[in-house]
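Visitor: any chance you could fold what I've pasted below:
(chains A, B and C)
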Amino acid sequence: MSQSIAANPDRLLPADPGTRSIARSLLERVQDLPIISPHGHVDAAVIENNTPFPDPAALLVSPDHYVTRLIHASGVSFDKLRSTGPNAPESREIWRTFVEAWPLFEGTASGYWLRTQFESVFKLAADLGEMSADASYDAIAAKLVESDFRPRQLFKDFNIEVLATTDDPLDNLASHKALADDPTFNGRVLPTFRPDAYLNIAHPEWAAKVERLTETAGDGASGYAGYIAGLENRRRYFVEHGAVSADHGVPTPATLKLDAAEAESLFEKARAGKATAADRDAFEAHMMYQMARMSVEDGLVMTIHPGSFRNHHQPTFEAFGADTGHDIPFAVNYTEAIRPLLQDFGTDKNLHLVLFTLDETVFSRELAPLAGFYPSVYLGAPWWFLDAPDAMLRFRSAVTETTGFSRSSGFIDDTRAFCSIPARHDASRRIEASFLARLVAEHRVTEDRAHELIVDVVDSSPRRVFKL
Amino acid sequence: MSQSIAANPDRLLPADPGTRSIARSLLERVQDLPIISPHGHVDAAVIENNTPFPDPAALLVSPDHYVTRLIHASGVSFDKLRSTGPNAPESREIWRTFVEAWPLFEGTASGYWLRTQFESVFKLAADLGEMSADASYDAIAAKLVESDFRPRQLFKDFNIEVLATTDDPLDNLASHKALADDPTFNGRVLPTFRPDAYLNIAHPEWAAKVERLTETAGDGASGYAGYIAGLENRRRYFVEHGAVSADHGVPTPATLKLDAAEAESLFEKARAGKATAADRDAFEAHMMYQMARMSVEDGLVMTIHPGSFRNHHQPTFEAFGADTGHDIPFAVNYTEAIRPLLQDFGTDKNLHLVLFTLDETVFSRELAPLAGFYPSVYLGAPWWFLDAPDAMLRFRSAVTETTGFSRSSGFIDDTRAFCSIPARHDASRRIEASFLARLVAEHRVTEDRAHELIVDVVDSSPRRVFKL
Amino acid sequence: MSQSIAANPDRLLPADPGTRSIARSLLERVQDLPIISPHGHVDAAVIENNTPFPDPAALLVSPDHYVTRLIHASGVSFDKLRSTGPNAPESREIWRTFVEAWPLFEGTASGYWLRTQFESVFKLAADLGEMSADASYDAIAAKLVESDFRPRQLFKDFNIEVLATTDDPLDNLASHKALADDPTFNGRVLPTFRPDAYLNIAHPEWAAKVERLTETAGDGASGYAGYIAGLENRRRYFVEHGAVSADHGVPTPATLKLDAAEAESLFEKARAGKATAADRDAFEAHMMYQMARMSVEDGLVMTIHPGSFRNHHQPTFEAFGADTGHDIPFAVNYTEAIRPLLQDFGTDKNLHLVLFTLDETVFSRELAPLAGFYPSVYLGAPWWFLDAPDAMLRFRSAVTETTGFSRSSGFIDDTRAFCSIPARHDASRRIEASFLARLVAEHRVTEDRAHELIVDVVDSSPRRVFKL
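Guide: Coordinates of the predicted model:
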């Protein structure tokens, strides 16, 4: 008898038979709704150009730091996993290394997404562990060269309605424009304004980027005024090209209101290379306040992703670059940090501020109370290490009793792994169904209302919060 | 078929049929026990005078910041929700706003309490969402003018045995005295000594209140000595009027032992308006130590409620005052903060110190270990954002394996919403039954012992901890 | 009908019948595997000498601060619980005090272990609460004098394969050697290098211990060089006597790389009695870095146990000494603290670094991400207050979705209570079975794989992580 758990219609649903049966019917209600992905890292050019996918390893292993980090933890050097660079192993070799490490992924979110993809996207005949590495490699490789197996067809097959990318403020958004203008493409591929490198004066390219920004978009002004104008203008450009949000990856959620003279003085100090660590913090906090101010004016939803110590292992960063699996979360405090921003914009109806965390302790302690009072504040879905079944249930349990279901962002896949998008959204829907089913089984919500709520959570929330 | 979940006898009980059946029988054991409410915010005068309840909105919506904050978060101005002040909307208008917002409360603790009240106290014929706003308004309004629907009758109908209020140290406690002396009233309405404004030198009325205290009760002494004597005397006055506890709402649980000269010098600096923020902290921490010292002497149970950033949104505070739904919790550390107090009084049998938290992380990390060693320390029940079904289960799971069932305070409703008291205690009993039922089902506690434990937790604990 | 829950074959297994049935079959797979205990506090001499156990109170009550602290919290002085010292009560009297307090332990981990011991080791005819104190005392006392009831026989009966002790660096390890050389003893009793008092310059015996270390093992060198050589030599001595790990109880997980001159200067300052608190912190952090460096060289697994405020209540410490139940945890942050060590050794295959915590918040936030990237980092099992059923389930839920099952240490009993070892390992195996059974029931792991995983978690993990 087959044990294909990836194909099991009850996967991720609660074990109690009565609750499971409720969950099944809730899931059915949303299973065919289109995918709305308001934040992620897919490259728009790949969709524009309908670029064929690369080989199995270059598609599914090497670029996915969720996958490579756990293999790395087992003692395998990144040298054996990267598909580019001098002396990179052959793709099939990387794949063998991956398949050998496959048992490590039991119980993990990454393992779940991969297994679901293998089953439903790549149609593997058996679980990866039951085939030879070469057999699975060949099966996937064969799929990848099928004429139908291209980004645009999958976009349609995956039932994606909206897909947001993440873009540099000076990006010309040509791919987004081409897709919007293409009558043969029906999806929406939206840019997202991501100005981290322009706001963090410790970023190695800060000065160069700021100079380019000011020259390009600063309305002829120089210095701080040109910088602010540049940001405002480029945000407007993004809005004109369909952007609905601006995303901010910051160490902490600190915000600060400086007067123009103080801000300008910090800015000039930074340009002169004389800014201290405290200056960096103050300037970024001030710029977060400015970003909120601009959001009120131009309507871009503001999303904040704090609390990750980036590139924790310096030697790995030097050898293999950023996004190689060693961004490590730390404790975050929102209550005081976000207050200066909320003083002025927290009740402004133009601001939608979505707060994410990798520190689960703030869900019940800070974020639910904030989102339960401030009209501008929304709960970011569990993110990164936390977009996994148990963690998503902990999130709902932590926030719902304080804020109900109306204050959360809807699922955020945040992925660069295009083929994993359906698996991720499917998992999220199963967990929403499981949580609601428990409330129904415990007579806390009626089954009728639960059927409305799951649609709201899966579909209406992201549309409402991200102004889609 | 009706879907009245508020009337369902299994509401809040666990879904697994075997566990639910155990929970049912445990619940039965305590369902009819009297309500003991050792901390809350009902006004004693309302009971003394048997004041008729106001209209539905002024009773159930406007004064309840649990309710208004979530409506506020949805974008409704407090102007549309407050029942007093210039241009306040008509009661029926506020009620319509509330009913429109009712779906927001699905899954929340407030929604649960309201729904239960509508069903069991106001006898609404259907769920609020299935009636017109006017119909529910009229039904409740009709109930409110019934001659039986008065505080004293409800006090009896609700089976309340003890209800503690929260009072200013200079309150004359006339209502409490009148009730105690009234042979027609059988309940106990006890005052609680709440000296926050007298201990926090940053409180806008600190100087004036301290002066009044010293004059009124300072035994003729002036300065710090008169202040301390005044507090001691007023505590004694409260004890004579039936008080069993003194309650402290403080930013942090810091405690500090200063010698008299240092304390006096801070006190004088504060009176001269020259105290710094550090002075404020030190003085309050010192006074918490003093409060414990006085508790040892006069026997008042000491309860501490730290960790809330009060009035987080300044513009709302300025327009609508305190207690308007934007007190936001933050991280708390008890281990070091409470140590100075515990050094001297932690093993004193006269001290009962009940520690509350809005930061769930301290339940397993700090509070359970503290209460599992110090005879004076008790675990405050999950409070405020945390007195909800899932949060109460998380609390029991976090503390029981370290401290068992003997070290917790019993349920604390902490409410000013009189009509919600039975719903809150009922919810708590259902959750205690659910937690214990799981331990029975997992063969961790026998069913016989569980029947004893649930009585202990619901009834004996609050009597023991609050010296009732 | 008997209600012996300690003998129930389904104890601790989940209530849902389907999940329970899966858990049963998983448990069966590991129930008879030998016990591997790579960290604990049993005295090797007791096993070497096959010392008869003392009386019931001196064996099971007085030395176990898990037990005495909860009785103390109920208001019983330690005077009534200690079996040694002037005016210590008679053993039978202590036992009566304990039996009277027995109901306090309902729902606690300690209660579970004790009840299981009474049932399976001491063969009591009924639950403790159903016998008179004298009857249980006599029954246990009779067992304790049976000729078979000796450490060596129990070691065998308990099916212990490996038992690590905790030892001072200057211990001659004679008992370990005698046991290793004894052809009649088949178990492995391994020493563990525990140098806390040599690394913490605030330890009252630091200077004396360091002097002895340098003289004994410093290769004739003096000062810092002799100190480092002494530590290296003694570690080597431990390795030669079978040690597999070095254990570190530190306030925080801080690590720091100082150059030799800085380290030497702090060392001399400390020897001169002039070190500040900051010096203490820096020196210990530096020595943690050095310990990791030595582990890379000599292969000893490095375990870190931070985050406990030792001897929180000074008067109790003065009267009754250390380890009397008032070590209270506090918040810990690993991400920044451990980074200096990981920069240099985090990817070194010779280092196995096992990180423990009493602050559950770091499980999902910091430890799982660290162990999911660094080959050297392993997740320490839930420890001390957290090695209890619910807490162990929370641990698995918090870490598995990020790191899977391959990165954790396996169960650590950390006990000095020899007779409780089987109960503790049995509880852990039941919880592992329960967690995996849920994943199977939710179709997240196949039942076949779960059968492999439980063996890995219970048996292969501790062997792999502790290099056994």
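Visitor: could you use CA atoms for every contact and neighbour count after this?
Guide: OK.
Visitor: would you map the helices across the stretch 251-400 of chain A?
Guide: A:260-271, A:277-298, A:314-320, A:339-345, A:361-362, A:368-371, A:389-403 (DSSP state H, counting those that start in this stretch).
Visitor: nearest to C:Ser308, out of these?
Guide: helix A:361-362 (19.9 Å; CA to CA).
Visitor: so what's A:Pro422 closest to, chain neighbours aside?
Guide: A:Phe158 (6.1 Å; CA to CA, 6 or more residues apart in numbering or on different chains).
Visitor: return the residues in contact with that neighbour.
Guide: A:35, A:421-422 (CA atoms under 8 Å, 6 or more residues apart in numbering or on different chains).
Visitor: return the closest of the residues you listed with respect to B:Asp327.
Guide: Closest to B:Asp327, out of all of the contacts of A:Phe158 and judged by CA to CA, is A:Ile35, at 36.5 Å.
Visitor: tell me how many other residues surround the nearest residue to that closest one once chain neighbours are set aside.
Guide: What sits nearest to A:Ile35 in space, not counting adjacent residues and going by CA to CA, 6+ apart, is A:Ile160, at 4.5 Å. Residues lying near A:Ile160 (other CA atoms under 10 Å in any protein chain shown) number 20.
Visitor: can you show me the helices along the stretch 1-150 of chain A?
Guide: Counting by DSSP H, counting those that start in this stretch, the stretch 1-150 of chain A has helices at residues A:17-30, A:44-48, A:56-60, A:65-73, A:91-101, A:109-120, A:133-144.
Visitor: give me whichever of those helices is most buried.
Guide: helix A:65-73 (a mean of 24; mean count of other CA atoms under 10 Å in any protein chain shown).
Visitor: domain map for chain A?
Guide: If you go by automatic domain parsing, the domain ranges for chain A are A:17-51+A:158-195+A:214-252+A:285-465, A:53-149.
Visitor: tell me the most buried of the ones you listed?
Guide: domain A:17-51+A:158-195+A:214-252+A:285-465 comes out most buried of the domains of chain A by mean count of other CA under 10 Å, with a mean of 21.
Visitor: mean confidence for it?
Guide: Average pLDDT, domain A:17-51+A:158-195+A:214-252+A:285-465: 97.
Visitor: chain center to that domain, what's the gap?
Guide: Centroid separation between domain A:17-51+A:158-195+A:214-252+A:285-465 and its chain, computed with CA atoms, centre = their mean, to the nearest Å, is 6 Å.
Visitor: and it, end to end?
Guide: This stretch, domain A:17-51+A:158-195+A:214-252+A:285-465, spans 34 Å end to end (CA to CA, to the nearest Å).
Visitor: kindly report the residues of chain A close to chain B.
Guide: Neighbours of chain B within chain A, by CA under 8 Å from any CA of the partner chain: A:16, A:18-19, A:333, A:335, A:339, A:342-343, A:347, A:349, A:361, A:364-366, A:369-376, A:397-398, A:400-406, A:438-439, A:441-446.
Visitor: who in the stretch 251-400 of chain A is up against chain C?
Guide: A:309, A:312-315, A:325-326, A:328-331, A:358-361, A:385, A:388-391.
Visitor: how about the residue nearest in space to the middle of chain A, phi and psi?
Guide: For chain A, the residue nearest the mean C-alpha position is A:Asp414 (1.9 Å; CA atoms, centre = their mean). Phi and psi for A:Asp414, reported as degrees, to the nearest 10, are phi 50, psi 30.
Visitor: tell me the contacts of it?
Guide: With contacts defined as CA under 8 Å, 6+ apart, A:Asp414 is in contact with A:39-41, A:383-384.
Visitor: A:Pro56 now?
Guide: Here A:Pro56 is in contact with A:91, A:95, A:137, A:140-141, A:144 (CA under 8 Å, 6+ apart).
Visitor: can I get these in CSV including distance to chain C?
Guide: CSV is the format used below for those (distance: CA to the nearest CA, whole Å):
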residue, distance to chain C
A:Ser91, 22
A:Trp95, 19
A:Tyr137, 22
A:Ile140, 23
A:Ala141, 26
A:Leu144, 27
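Visitor: okay, those residues in a markdown table with pLDDT next?
Guide: Output for the contacts of A:Pro56, formatted as a markdown table (pLDDT from 0 to 100):
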| residue | pLDDT |
| --- | --- |
| A:Ser91 | 97 |
| A:Trp95 | 98 |
| A:Tyr137 | 98 |
| A:Ile140 | 98 |
| A:Ala141 | 97 |
| A:Leu144 | 96 |
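Visitor: how about the residues of the stretch 1-150 of chain A by chain C?
Guide: For the stretch 1-150 of chain A, the residues in contact with chain C (CA under 8 Å from any CA) are A:3, A:5-6, A:8, A:10-16, A:69-70, A:72-75, A:104-109, A:112.
Visitor: report the angle between the helix or strand encompassing A:Leu453 and helix A:17-30.
Guide: Secondary structure from DSSP states H and E places A:Leu453 in helix A:447-455. Helix A:447-455 and helix A:17-30 are oriented at 50 degrees to each other (axes from the mean of the first three to the mean of the last three CA atoms, to 10 degrees).
Visitor: packing partners for helix A:447-455?
Guide: On a contact count with 3 or more CA pairs under 8 Å, 6 or more residues apart in numbering or on different chains; DSSP states H and E, helix A:447-455 meets helix A:17-30, helix A:421-441.
Visitor: give me that answer again for 10 Å
Guide: Other helices and strands packing on helix A:447-455, by 3 or more CA pairs under 10 Å, 6 or more residues apart in numbering or on different chains; DSSP states H and E, are helix A:17-30, helix A:421-441, helix A:461-465.
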